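Chemist: Mind looking at a prediction? Sequence and model below.
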Amino acid sequence: MSEQESSLPTPAVTPATHPRLPKRLIVLLLLYVAASVSGLIAKQGVLFCLLTLFMVLGILGRQKAGLIMLRGYTLVQLALISMLPVLLYDPDNLVVGPTTVHLGEWQGKFPDYVIFIVLIILSLLQVWIAFDKKVKAWFKPKLNLNIMS
């Protein structure tokens, strides 16, 4: 009987591990910070840029409100970018031909649908990151919704 008891596996006790900040979330936060800082430098959408930086602070603080804001931010952004072709369609002022894209000294000419497809794909990637299990595990779900606590 003692042989049977000793052959049973014993549950391993593991110390409580803290979830690590996912790399994909780090990349997304760096993108948000770069966009917000460039908006502040250009003095375009200052309030929106400040709110985005507060959202980044909430995410780094592992606040539940940061997760809610991140998910809402990405969903609203996806909805707005998906509606861009409809919102920008104006038959009276329709420009025929490709759009010129300037990236430093490089210039490229792309049709509008290519630009819209790239923007929608980038928004879908943000939504995928925001609703990922590893990203959700980063946050402390038991905290209240106060972003500054």
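Modeler: Everything's here; your move. Numbering: from 1, shown residues only.

Chemist: Spell out the secondary structure type for Met69.
Modeler: Secondary structure, DSSP: H, G, I helix; E, B strand; the rest coil: Met69 is helix.

Chemist: So what's the residue count around the closest residue to it other than its chain neighbours?
Modeler: Spatially, and ignoring its direct neighbours in sequence, Met69 is nearest to Met55 (4.6 Å; Cβ to Cβ, 6 or more residues apart in numbering). C-beta coordinates here come from the backbone N, C-alpha and C atoms, glycine included. The number of residues packed around Met55, counting by other Cβ atoms under 10 Å, is 22.

Chemist: Same check on Gly45?
Modeler: 14.

Chemist: separation between it and Leu51?
Modeler: Between Gly45 and Leu51 the computed distance is 10 Å (Cβ to Cβ, to the nearest Å).

Chemist: Same check on Gln44?
Modeler: To Leu51, Gln44 is 14 Å away according to Cβ to Cβ.

Chemist: In terms of neighbours, single out the busier of these two.
Modeler: Neighbour totals were compared for Gln44 and Leu51, and Leu51 leads with 14 against 10 (other Cβ under 10 Å).

Chemist: what's the helix or strand Ile26 falls within in contact with?
Modeler: Using DSSP states H and E, Ile26 maps to helix 23-42. Residues outside helix 23-42 that contact it (Cβ atoms under 8 Å, 6 or more residues apart in numbering): 45-46, 48-50, 52-53, 55-56, 59-60, 126, 129-130, 132, 134-135, 138.
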